[in-house]
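Trainee: Have a look at this fold, sequence not included:
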């Protein structure tokens, strides 16, 4: 279980730092962050990258950094938080691909990182006996 926690911390730090860097770039230069022209937002509800940059920095960046910082505390609910951050990352990437009408290597990489986060979170929850099937089985065993 310790190895799963270490991998999760590493993934959360990697994703969090990357999201904070990308989000900060979009906040500081909302018309063309990292060379991405605002013309790419033709199918998005935004004219600039400011709102997506704030969401990327706050939700994905700070969210992953927070979960990474709290994971060594070994709180039982952190598996759920870790899995939620993986799902948020995968959802972010899907929405980004739809809005930009493009899929590039970084999209695939970060989508896979979100999936790995989710799978490791499920494994952590299973080892801790917090996966819904495990507590349901214990509850049924008590009824017998």
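Mentor: Structure received. What you see is a predicted model, and the numbers here were worked out from it, not measured in a lab.
Trainee: Look up phi and psi at residue 75.
Mentor: In terms of degrees, to the nearest 10, the main-chain angles of residue 75 are phi -80, psi 140.
Trainee: That one: neighbour count?
Mentor: Using other Cβ atoms under 10 Å, the number of residues around residue 75 comes to 11. For every residue, glycine as well, the C-beta is placed using N, CA and C.
Trainee: per-residue confidence at it?
Mentor: Listed pLDDT for residue 75 reads 78.
Trainee: And residue 140, by the same measure?
Mentor: 62.
Trainee: Repeat that for residue 123.
Mentor: Model confidence at residue 123, expressed as pLDDT, equals 89.
Trainee: That one and residue 7 touch, don't they?
Mentor: No: contact criterion Cβ atoms under 8 Å: residue 123 and residue 7 do not qualify, at 9.6 Å.
Trainee: hmm, who's touching the helix or strand containing residue 123?
Mentor: Taking DSSP states H and E as the criterion, the element that holds residue 123 is helix 105-127. Residues from elsewhere that reach helix 105-127 (Cβ atoms under 8 Å, 6 or more residues apart in numbering): 1, 4-5, 7-8, 11-12, 14-15, 18, 78-80, 82-83, 85-90, 93-94, 96-97, 131, 134.
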